[in-house]
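> Got a predicted structure here, sequence first:
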Amino acid sequence: MMEEEKIAMRVSRNSILVNIFLSAAKFIAGIAGHSSAMISDAVHSASDVFSTVVVMVGVKISNRESDENHPYGHERLESVASLILALLLAATGIGIGYRGLQTIISGTEGKGITVPTALPLAAALVSIIAKEGMYWYTIHAAVRIQSGALKADAWHHRSDALSSVGSFVGILGAKMGYPILDPIASVVICAFILKAAFDISRDAVGKMTDEACDDKMVEAIKGLVKRQEGVIGLDDIKTRMFGNKAYVDIEISADGDMNLREAHYIAECVHHQVEKNFPSVKHCMVHVNPSEDSDKFHS
């Protein structure tokens with residue numbers, strides 16, 4: 001098993017354990033404390049368990065070796081996992097928002113809204129601390145191994161922390177004499193969740209449609225290539241994301257009077273230096289053009 005895969009699996013297992021505990025605790029607190037916002041928050045945490053399983057499957061498949069049918073590898077399957085997570089997150093958010101609106105409507109129609117007890121308030125505070133901690137734990141691992149699916153799961157934790165903040169405010173407001181704030185908090189939670197789902201899906205789609213690497217990385221590659229011995233100029237560079245990996249195509253100019261072996265050596269040096277200095281680059285293709293300053297080129 002690759003080191004990146006080991007890290008992703010370890011983080012995901014820990015995420016599942018935390019989410020199982022939190023979802024059970026919040027659901028019990030929501031039922032016992034008469035808080036619709038806390039019950040919605042519990043559903044959100046429970047959905048995180050399933051989403052983390054999707055991450056584990058996506059990371060496992062994306063790390064498979066290239067085969068006859070997939071000569072470029074399986075990295076894009078991790079983006080598929082991220083897209084599935086975004087859809088699940090959106091569905092969860094819509095469900096929470098719908099339930100909150102129903103409660104608001106029933107309250108305005110005179111059916112009344114039950115004021116929550118202090119129990120869900122305490123549960124919300126614990127959830128905020130735990131889920132924000134899980135966000136930083138997971139996002140650190142995601143950045144380290146360049147995993148889009150793990151990053152999506154980290155935002156799942158962040159959205160859960162934000163939803164718990166909404167629950168806390170709503171429950172506190174209800175206890176202060178404004179019970180309508182509890183279901184309103186559920187609607188606000190819905191908005192946070194849908195925003196996270198949109199961001200995750202946009203990132204996943206970008207990686208599945210050959211989106212270019214970020215400008216900072218491209219400029220860094222350009223600088224590295226131009227510093228290599230034998231490179232007279234950088235004629236062209238194209239980059240594309242393939243899941244969590246990048247492919248780079250480069251055209252350099254070199255002395256047109258050199259022989260094929262010498263030109264090949266320069267291209268190989270550029271190729272190896274790019275892949276060595278940028279771990280996210282899975283493959284770098286280098287094409288050598290004769291420099292326009294070469295007498296042989298103009299003859």
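Received, thanks. Residues are numbered from 1 along each chain as shown.
> Please count neighbours and contacts with C-alpha atoms only from this point.
Noted.
> can you list contacts of stretch 127-144?
7-8, 11, 15, 22, 148, 150-151, 153-158, 160-162, 164-165 (Cα atoms under 8 Å, 6 or more residues apart in numbering).
> Now that stretch: buried residues?
Neighbour-count burial for stretch 127-144, counted by 16 or more other Cα atoms under 10 Å, picks out 127, 128, 130, 131, 132, 134, 135, 137, 138, 139, 141, 142.
> What are the boundaries of the helices in the stretch 1-150 of the chain?
Remark: helices assigned in the stretch 1-150 of the chain by DSSP state H, counting those that start in this stretch are 3-33, 36-62, 76-108, 119-145, 148-175.
> which other helices and strands contact the last one?
Pointing back at helix 148-175 there. On a contact count with 3 or more Cα pairs under 8 Å, 6 or more residues apart in numbering; DSSP states H and E, helix 148-175 meets helix 36-62, helix 76-108, helix 119-145, helix 181-208.
> How about the third one?
Other helices and strands packing on helix 76-108, by 3+ Cα pairs under 8 Å, 6+ apart, are helix 36-62, helix 148-175, helix 181-208.
> Return the most buried member of these.
helix 148-175 (a mean of 26; mean count of other Cα atoms under 10 Å).
> average pLDDT across it?
Throughout helix 148-175, pLDDT has a mean value of 77.
> between that helix and helix 181-208, what angle do the directions make?
Here helix 148-175 points in a direction 170 degrees away from that of helix 181-208 (axes from the mean of the first three to the mean of the last three Cα atoms, to 10 degrees).
> Pull the distance from helix 148-175 to the chain's centre.
Computed by Cα atoms, centre = their mean, to the nearest Å, the chain-centroid distance of helix 148-175 equals 16 Å.
> same deal with stretch 42-57?
Stretch 42-57 has its C-alpha centroid displaced from the chain centroid by 14 Å (Cα atoms, centre = their mean).
> low pLDDT regions in the stretch 101-250 of the chain?
107-116, 182 (pLDDT under 70).
> what about stretch 258-265, average pLDDT?
92.
> Identify all contacting residues around that stretch.
254, 288.
> CA atoms only for it, dumped as PDB, please.
C-alpha atoms of stretch 258-265 as PDB (Å, rounded to 0.1, in the frame of the first residue of the first chain):
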ATOM      1  CA  MET A 258      23.900  19.500 -31.200                       C
ATOM      2  CA  ASN A 259      23.400  15.800 -32.000                       C
ATOM      3  CA  LEU A 260      20.400  13.700 -31.000                       C
ATOM      4  CA  ARG A 261      22.000  12.200 -28.000                       C
ATOM      5  CA  GLU A 262      22.900  15.600 -26.600                       C
ATOM      6  CA  ALA A 263      19.400  16.900 -27.200                       C
ATOM      7  CA  HIS A 264      17.800  13.800 -25.600                       C
ATOM      8  CA  TYR A 265      20.000  14.300 -22.500                       C
END
